[in-house]
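Asks: just need the structure, nothing else, for what follows:
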Amino acid sequence: MRLYADRPDHRTRQLAADAGLLAWAVLWVLVARVVHGAVLVLAEPGRAVADLGRSISDSMDSAAGAADGVPVVGDELAQPFGALSDAGGSVTGAGTDASEAVHTLAAVLAVVLVVLPVGWLLVRWLRWRTGWLREATAADRLLTSGADGLPDLELLAARAMATAPLPQLARLPAGTGAGWRAGDPAALRALAGLELRRIGLRTPEVSPAEVS
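Replies: Numbering: from 1, shown residues only. Alright, predicted model coming up:
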């Protein structure tokens, strides 16, 4: 199975398309990384709030422990500090949730920025490359399916007669159409060459002794 055309001009376009797809993917990966880092900056306030709540909670826990050691009224003194410790825990949870939400948003944006543009171009590239691969495979099959191992150019010539642009047909030698109807090898070869050039394949060399 061939992956690239024989003709240099066609093969250059294919290589350029492959390189372009790779460059496009790398570009959007870099963009996604930049956006991911920029969005993560928004997580800093949430992290700061979580750290503040954690600090308050720890301080109030320490104060509640100290107040609890006071004889007789220790429980009553410790209760306000315990309530403040619980409030600090709530602040910590809120800050942590906000920070995690920002991290999730950053990850989702990064994935979307890669999947959408790269996937769009990848679908177009795959459609173009697989279409060419089917045509090249079929042409190779025709070139090896003739009698005695010779190329079967008749179907390729008929395809060129039906689909080749008129300016290309007009540049063929005079009498090519009549020669095609008569099965003239030179006319078949000229018309088949048009179709093979469109696909990017070389016209096989056939000696006069082989076609006679």
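Asks: helices and strands of this structure: which one bottoms out on pLDDT?
Replies: The weakest-scoring helix or strand in the chain, judged by mean pLDDT, DSSP states H and E, is helix 208-211 (a mean of 44).
Asks: how about residues contacting the helix or strand where residue 181 lies?
Replies: Using DSSP states H and E, residue 181 sits in helix 176-182. Helix 176-182 is contacted by residues 157, 158, 161, 169, 186, 187, 188, 190, 191 when judged by C-beta atoms under 8 Å, 6 or more residues apart in numbering. For glycine as for every other residue, the C-beta is placed from the backbone atoms N, C-alpha and C.
Asks: what average pLDDT does the host helix or strand of residue 104 get?
Replies: Assigned by DSSP H and E, residue 104 belongs to helix 74-143. Averaging pLDDT along helix 74-143 yields 83.
Asks: same deal with stretch 186-205?
Replies: Rounded mean pLDDT across stretch 186-205 is 87.
Asks: measure residue 128 to residue 10 for me?
Replies: Separation of residue 128 from residue 10 (C-beta to C-beta, to the nearest Å) stands at 12 Å.
Asks: more neighbours, these two?
Replies: residue 10 (18 against 13; other C-beta atoms under 10 Å).
Asks: which residues touch the nearest residue to the more buried one once chain neighbours are set aside?
Replies: Spatial nearest neighbour of residue 10, chain neighbours left out: residue 200 (3.0 Å); criterion: C-beta to C-beta, 6 or more residues apart in numbering. Shown in contact with residue 200 (C-beta under 8 Å, 6+ apart): 5, 6, 7, 9, 10, 11, 14, 132, 136.
Asks: buried subset of the residues you listed, written for ChimeraX?
Replies: Selection of buried members from the contacts of residue 200 for ChimeraX, criterion 16 or more other C-beta atoms under 10 Å:
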select :5,7,10,14,132,136
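Asks: in helices, which of the contacts of residue 200 fall?
Replies: 9, 10, 11, 14, 132, 136 (DSSP state H).
Asks: show me which of those is closest to residue 142.
Replies: Nearest to residue 142 out of the ones in helices among the contacts of residue 200 is residue 136 (C-beta to C-beta; 10.8 Å).
Asks: quick check: that closest one touching residue 199?
Replies: Yes: between residue 136 and residue 199 a contact is recorded at 5.7 Å, counting by C-beta atoms under 8 Å.
Asks: would you mind listing the residues touching both of the two?
Replies: In contact with both residue 136 and residue 199: residue 5, using C-beta under 8 Å, 6+ apart.
Asks: who are the packing partners of the helix holding residue 104?
Replies: helix 8-40, helix 43-68, helix 154-163, helix 185-199 (3 or more C-beta pairs under 8 Å, 6 or more residues apart in numbering; DSSP states H and E).
Asks: pick the most buried one from these.
Replies: For the helices and strands packed on helix 74-143, the largest average neighbour count (mean count of other C-beta atoms under 10 Å) is found in helix 185-199, namely a mean of 21.
Asks: mind checking how far the residue positioned nearest the centre of the chain is from residue 28?
Replies: The centre of the chain sits closest to residue 118, judged by C-alpha atoms, centre = their mean, with a distance of 3.7 Å. Relative to residue 28, residue 118 is positioned 5 Å away (criterion: C-beta to C-beta).
Asks: how about residue 166?
Replies: Taken as C-beta to C-beta, the span from residue 166 to residue 28 is 42 Å.
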